[in-house]
Each structure stands twice: as C-alpha cells, then as structure tokens.
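A.B. asks: Predicted model, plus sequence, below.
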Amino acid sequence: MIQILFVCLGNICRSPMAEFVMKDLVKNRNMEDLFFIASAATSSEEIGNPVHPGTRKKLSEFGISVEGKQAVQLTRDDYDKYDYIVGMESRNITNMMRIFGSDPQGKVSRLLDYGQRPRDIADPWYTGDFDTTYEDVLEGCEALFLHICNQNDK
C-alpha cells in the first residue's frame, strides 16, 4: 500500500484539499485499495478544527466531501508511517524538517515539484483565492499520481 501524507501549516485549507483531491483521483481509477492518504499540520493552531469553509465549498463544486476531517498535527513518528510526505510550500518543508530532524529516505517534497512548473501553492487563508489553490492542488496531485504510477511500473 502506498501511503501519502499531505502537509501544510494548519491542516484546514491546502493539505486537506490535496488529501481529498488525491482520494478522489484514486477512487475514480478504482485504486482505493492501493493507497492510504491523509493530511496534517506543522503547527498546533488549528488542531481539532474542521476544514476551512472555502476549501469545503470549492471541493463540493466537484462532488468531493471532507466530512469528518479535523486538523491533526504532524509528528516525528509520521516519517516512518508514510512513503510520501508532501508539503504545499517551502516553509512547510522547513517546518517538516524541524519536526523530523532529517529526511534520510527522501520522502519529503513539495507537491508542485512533481509537475512541469515547480512552485509553492499559495495559502488561501491569506489570499482568499481558493480557485487558484484548487487548480494548483489538482495539478500537483495529478503529477504526483503519475509519478507514483511510473515508479511502481519499474
């Protein structure tokens, strides 16, 4: 089973968006049994809170529910639990490395590093632009999915 953890600052906007977009991609390809997908925060600010209304609204436009998701915090133990630990921006990577200490197995990356135009995904908590965030997350999830499929075909 391929285990993916998406990470952002608060686990209420970008990382749950990526979690549920990737779950939807996998479900639509009848590959749910091959993946375990989750998300977490590098900070403790939002722990226990539900997904941001802007993320819920945007995903509902595509029939994607985030029902029951609450923010959880990344832990050092998560490093051993996941194959891919994917941040939304460079600052997330810095914070993940602070928590993990190091990345000896090369599991930590930014989501859009898998795509054609590597870049950070802007935080809609600050920008208010959930449309662009969704487009970036979808681009990254599709590229990550393709990368994983190509890695497992070898």
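C.D. replies: Perfect, thanks for sending it. Numbering: from 1, shown residues only.
A.B. asks: Which residue, other than its chain neighbours, is closest to residue 74?
C.D. replies: residue 40 (4.2 Å; Cβ to Cβ, 6 or more residues apart in numbering). Heads up, the C-betas are built off the backbone N, CA and C, glycines and all.
A.B. asks: Who are the packing partners of the helix or strand the one you found falls within?
C.D. replies: Secondary structure assignment for residue 40, by DSSP states H and E: strand 35-41. Counting contacts by 3 or more Cβ pairs under 8 Å, 6 or more residues apart in numbering; DSSP states H and E, strand 35-41 is packed against strand 2-8, helix 14-28.
A.B. asks: For those, give me JSON lines that also has distance to residue 78, mean pLDDT and mean neighbour count.
C.D. replies: Output for the helices and strands packed on strand 35-41, formatted as JSON lines (distance: least, Cβ to Cβ, whole Å; pLDDT from 0 to 100; neighbours: other Cβ atoms under 10 Å):
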{"stretch": "strand 2-8", "distance to residue 78": "6", "mean pLDDT": "98", "mean neighbour count": "25"}
{"stretch": "helix 14-28", "distance to residue 78": "12", "mean pLDDT": "98", "mean neighbour count": "23"}
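A.B. asks: for these, which one sits closest to residue 151?
C.D. replies: strand 2-8 (9.1 Å; Cβ to Cβ).
A.B. asks: Show residues contacting that closest one.
C.D. replies: Under the contact criterion Cβ atoms under 8 Å, 6 or more residues apart in numbering, strand 2-8 has outside partners 14-16, 18-19, 22, 34-42, 74, 78, 81-89, 92, 96, 111, 123, 144, 148, 152.
A.B. asks: Make a ChimeraX selection of the buried ones in these.
C.D. replies: Typed into ChimeraX, the line below selects the buried ones among the contacts of strand 2-8, using 16 or more other Cβ atoms under 10 Å:
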select :14,15,16,18,19,22,35,36,37,38,39,40,41,42,74,78,82,84,85,86,87,88,89,92,96,111,123,144,148
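A.B. asks: in the helix or strand hosting residue 92, what counts as buried?
C.D. replies: Counting by DSSP H and E, the element that carries residue 92 is helix 90-100. For helix 90-100, the neighbour count (16+ other Cβ under 10 Å) marks 92-93, 95-96, 100 as buried.
A.B. asks: longest helix in the chain, by residue count?
C.D. replies: Ranked by residue count and defined by DSSP state H, the top helix of the chain is helix 130-153.
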